[in-house]
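K.L.:
fold the following.
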Amino acid sequence: EATDVFVAGNDEEAKAQVAALLESMGHETPLDLGGIEASRGLEAWLMLWARLYQQLGTGVFNLKLVRA
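P.N.:
Numbering: from 1, shown residues only. This is a model prediction of the structure:
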């Protein structure tokens, strides 16, 4: 099942290259969260991921946004 991946940064060309790379790896369209200031929220994902890893005992998982 498809999961969501996110990009953030101030260089639009770099974000486009990263998005293309992610798509070539099988991810659907990455969600652009905006400028570099959004990276702080993405870094917080690591804390959630680490806690889930601890509880699940595996790193083979991801999140999916469900939109109304």
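K.L.:
what's around residue 35, how many residues?
P.N.:
13 (other CB atoms under 10 Å). Where C-beta positions appear, they are placed from N, C-alpha and C, glycine not excepted.
K.L.:
pretty sure it sits against residue 11.
P.N.:
No: the pair residue 35 / residue 11 is not scored as a contact, 9.7 Å apart, by CB atoms under 8 Å.
K.L.:
now do the contacts for residue 38.
P.N.:
The contact partners of residue 38, by CB atoms under 8 Å, 6 or more residues apart in numbering, come to residue 8.
K.L.:
what about it, distance to residue 16?
P.N.:
16 Å (CB to CB, to the nearest Å).
K.L.:
ok, and the closest non-adjacent residue to residue 65?
P.N.:
Spatial nearest neighbour of residue 65, excluding adjacent residues (CB to CB, 6 or more residues apart in numbering): residue 4 at 5.0 Å.
K.L.:
and the one you found, how far from residue 49?
P.N.:
Counting by CB to CB - residue 4 and residue 49 are separated by 13 Å.
K.L.:
do the same with residue 5
P.N.:
Residue 5 is 13 Å from residue 49, by CB to CB.
K.L.:
pick out whichever of those two has more residues nearby.
P.N.:
Taking other CB under 10 Å, residue 5 and residue 49 do not tie; residue 5 has more neighbours (18 against 14).
K.L.:
quick check: the more buried one touching residue 22?
P.N.:
Yes: applying CB under 8 Å as the test, residue 5 and residue 22 come out as touching, 5.4 Å apart.
K.L.:
got any residues that touch both of these two?
P.N.:
Joint contacts of residue 5 and residue 22 (CB under 8 Å, 6+ apart) are residue 30.
K.L.:
is residue 15 in a helix, a strand, or coil?
P.N.:
Three-state assignment for residue 15 (DSSP: H, G, I helix; E, B strand; the rest coil): helix.
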